[in-house]
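Asks: structure for this input, please:
(chains A and B)
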Protein chains: 2
Amino acid sequence: MRNFRLTLSYDGTDFHGWQMQPGLRTVQQTLEEALSAFTGEERVRVNASGRTDTGVHAVAQVANFHSETKHEPDVVLRAVNARLPEDVIIGRCECVPDNFDANRHAVRKMYRYVMHDGAVPELFHRRYCHHTRYSLDAEKMARAAAALRGTHDFRCFETQWPNRASSVRTITLLEVHRFGDWIWLDVEADGFLYNMVRAIAGTLINVGRGYWPEEHVEQIVAAGDRTQAGPTAPAKGLFLMHVTYEQ
Amino acid sequence: MRNFRLTLSYDGTDFHGWQMQPGLRTVQQTLEEALSAFTGEERVRVNASGRTDTGVHAVAQVANFHSETKHEPDVVLRAVNARLPEDVIIGRCECVPDNFDANRHAVRKMYRYVMHDGAVPELFHRRYCHHTRYSLDAEKMARAAAALRGTHDFRCFETQWPNRASSVRTITLLEVHRFGDWIWLDVEADGFLYNMVRAIAGTLINVGRGYWPEEHVEQIVAAGDRTQAGPTAPAKGLFLMHVTYEQ
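Replies: Below is the predicted model of the structure:
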């Protein structure tokens, strides 16, 4: 029995998120079916760094699975990719120590939220960004975002709070950049609450469009009330970019 | 009655090409329905620079139509975009002299054919490029392409020749570039035969993967025989980039 680590990309558009759900097309089920078809009798179970929601994309999700297969990782990669539909691709497959757990050993994750504020939507990127309709002041958004860096109780950005033991998280990186009509928000943290990045995006969009002053973001965190924060921005702009493991 | 000129983008993936065909979803029909719904009673007919085939994309197709509408072009643009499905977008709308004809007055068109030769396909671009599976020598392709510049009888690249009065065309620009795993072919000409750019792409791919020597391209043109040229490369890599009009 070996432990395989996968780095995979998926287009969330046509998936009901990562997690297996009866009767719905999910990434986990799609991947497990392709792996099980390759390994044969064996029923493969895949363990990801975390779930992603319906419509959310992944550039580099990390997952692991145990298998009796005697094939080398590069053979597994090619054979399983050949069985996967075109909206999931394994980019890397490697054997790792038996105790590696893609979920429990993840120490940080980085998400990117992509916005476009041009007068006309970007046709070929329409599934992969949120067209805001409003012009955004990205510098103001970047200044407002500074209030979120570090360790805070982020319950104000959690849909259906409380659903975890603690809503305290540490944001280790939070940046807003613009290039042409593209604005993107990079957020790295030791963990994320349900819909947290999309609620942060929706809040910063309200600042960027001039609806709220930038100081408002600090007040929202202090109030700890989801109803005071901005709306949950659409899933299609969100990408899981990177998962960090110790050493 | 005014004459409107449109510049529009479309994602060819879910269209049976530009031209109206009974029972099939085409760009022309989709656009005419949206325009007619906006203008009311009037039945609007749209005239494009040329047809694009099933699956071929457009970054900047040009079309014109005559209408009695009293609305300004920017109002037409916004109102019609609101009625169009998300895979067609009008980027520009302007009033032009009554005699402007997007088809007959086009003097040159530029197409781009996009290839990717990375070991793993690019997930988020899968509908917009041809993943070649072979590594390509782009410099060799660029040298081979030089034989096609200028005025030649291009019947060797026409599917179902003869279907036009003449197969002589002038290629005014033909370049092959690489950036990372991306290779693209830009071709500008005074006109194109049926599937010509895709046949040129398929031919240059055979050179780039080392299946044919670069001199072979010149011989194919001289022989004037479609069966000697490479296969028609997939539609999804092809984009109509620009249409040039006099003055």
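Asks: show me which residues of chain A are close to chain B?
Replies: Residues of chain A found near chain B (CB under 8 Å from any CB of the partner chain) are A:9-11, A:57, A:81, A:86-91, A:120-121, A:123-124, A:126, A:128. (C-beta placed from N, C-alpha, C; glycine too.)
Asks: mind checking which of those land in helices?
Replies: A:N81 (DSSP state H).
Asks: give me the buried entries from the residues of chain A next to chain B.
Replies: A:9-11, A:57, A:81, A:87-91, A:120-121, A:123-124, A:126, A:128 (16 or more other CB atoms under 10 Å in any protein chain shown).
Asks: from these, which is closest to A:S166?
Replies: Distance to A:S166, by CB to CB, is smallest for A:H57 among these, at 27.6 Å.
Asks: do you know the pLDDT at A:R133?
Replies: A:R133 is assigned a predicted lDDT (pLDDT) of 85.
Asks: can you give the contact residues for the worst-scoring helix or strand of chain A on mean pLDDT?
Replies: Sorting the helices and strands of chain A by mean pLDDT, DSSP states H and E puts helix A:216-223 at the bottom, at a mean of 92. Helix A:216-223 has contacts (CB atoms under 8 Å, 6 or more residues apart in numbering or on different chains) with A:144-145, A:147-148, A:152-154, A:156, A:203-204, A:206-207, A:228-229.
Asks: sketch out the low-pLDDT regions of chain A for me.
Replies: For chain A, applying pLDDT under 70 flags the ranges A:161-164, A:247.
Asks: cutoff 50 now
Replies: Chain A contains no residues with pLDDT under 50.
Asks: show me where it has helices.
Replies: Under DSSP H, chain A gives helices at A:27-39, A:73-83, A:138-145, A:196-208, A:216-223.
Asks: so where do the strands sit in chain A?
Replies: A:2-10, A:47-48, A:57-67, A:88-96, A:106-116, A:130-131, A:150-153, A:168-179, A:182-189, A:238-245 (DSSP state E).
Asks: now the ones you listed as CSV including distance to A:Q219?
Replies: Formatted as CSV, the strands of chain A follow (distance: least, CB to CB, whole Å):
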stretch, distance to A:Q219
strand A:2-10, 37
strand A:47-48, 35
strand A:57-67, 32
strand A:88-96, 41
strand A:106-116, 22
strand A:130-131, 24
strand A:150-153, 13
strand A:168-179, 17
strand A:182-189, 20
strand A:238-245, 25
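Asks: ok, which of those comes nearest B:V75?
Replies: Comparing the strands of chain A by CB to CB, strand A:130-131 comes nearest, at 20.0 Å.
Asks: what's around the spatially closest residue to A:H130 that is not a sequence neighbour, how many residues?
Replies: What sits nearest to A:H130 in space, not counting adjacent residues and going by CB to CB, 6 or more residues apart in numbering or on different chains, is A:G237, at 3.6 Å. Residues lying near A:G237 (other CB atoms under 10 Å in any protein chain shown) number 26.
Asks: so A:G237 touches A:Y111, yeah?
Replies: No: with contact defined as CB atoms under 8 Å, A:G237 does not reach A:Y111; the gap is 10.2 Å.
Asks: where do the contact lists of these two overlap?
Replies: In contact with both A:G237 and A:Y111: no residue, using CB under 8 Å, 6+ apart.
Asks: next, the contact list for the nearest residue to A:A63 once chain neighbours are set aside, please.
Replies: The shortest distance from A:A63 to any non-neighbouring residue, by CB to CB, 6+ apart, is to A:A48 (4.2 Å). Each residue near A:A48 by CB under 8 Å, 6+ apart is listed here: A:W18, A:Q28, A:Q61, A:V62, A:A63, A:A102, A:N103.
Asks: farthest-apart pair in these, please.
Replies: Maximum distance among the contacts of A:A48 (CB to CB): 13.3 Å, for A:Q28 and A:V62.
Asks: higher neighbour count, the two?
Replies: Neighbours were counted for A:Q28 and for A:V62 using other CB under 10 Å; A:V62 has more, 25 against 19.
Asks: that one pairs with what?
Replies: Taking DSSP bridges as the rule, A:V62 bridges to A:T7.
Asks: now A:H177
Replies: A:W184.
Asks: isn't it up against A:E139?
Replies: No: A:H177 is beyond contact range of A:E139, at 10.1 Å (criterion: CB under 8 Å).
Asks: nice, that's everything, thank you.
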